[in-house]
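Novice: predicted model and sequence follow; I will ask about them next.
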Amino acid sequence: MPPSLALLPPEPDDHDGPGPSDRPRRAVELFLVEPVVGEPTVPVEPELDPGRAAEGLARSVLEVLAGTRDLQQLTRWVTSEVHAVLRSRVQLSTRARSVLADRPVRPVLRIGTVKVARPVPGVVEAVVVVHGRGRSRAVAVRLEIVGSRWQASALHIL
């Protein structure tokens, strides 16, 4: 639709005065006005503390990779892209355990330092240090508000 439309004024109903041909016609311009965009709305933060959400997610992801937790349990807490990456990592770790004839063993994990940053409203980036028996890992996660809960849109295990 063009940004302005030229319209003619309506014809007068009375025939006593000068006729339409006696009066010059003038085009009237109408302009389409864009709505005023207000301040972006800040999503309501879920009740669950984002640091606690990152801790639980980090622990759960490491249990999934160890083969002691089903990946489907994390479906609502991660985006489809993160789920696809985790699925491929689970397949690799399952294949590696089968080659070595190892059984899945629930890892003994202790949560260490948790650092939380809020780059923009509705988004949290957290790093969770997780200590296991033989090694420590850092799990970096980006949480975004989806509906009334946190959902991981990015997850990296270092």
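Specialist: Cool, the structure landed.

Novice: now the strands for this structure?
Specialist: Secondary structure of the chain, counting by DSSP state E: strands at 4-7, 28-31, 110-117, 123-131, 136-146, 149-157.

Novice: reformat these as a markdown table; add mean pLDDT and mean neighbour count.
Specialist: Where C-beta positions appear, they are placed from N, C-alpha and C, glycine not excepted. Below are the strands of the chain laid out as a markdown table (pLDDT from 0 to 100; neighbours: other C-beta atoms under 10 Å):
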| stretch | mean pLDDT | mean neighbour count |
| --- | --- | --- |
| strand 4-7 | 49 | 10 |
| strand 28-31 | 63 | 9 |
| strand 110-117 | 97 | 14 |
| strand 123-131 | 98 | 19 |
| strand 136-146 | 97 | 18 |
| strand 149-157 | 96 | 18 |
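
Novice: return the helix or strand in the chain with minimum mean pLDDT.
Specialist: strand 4-7 (a mean of 49; mean pLDDT, DSSP states H and E).

Novice: on that earlier part again, between the strands of the chain, which gets nearest to residue 51?
Specialist: Comparing these by their distance to residue 51 (C-beta to C-beta), the top pick is strand 110-117, with 4.9 Å.
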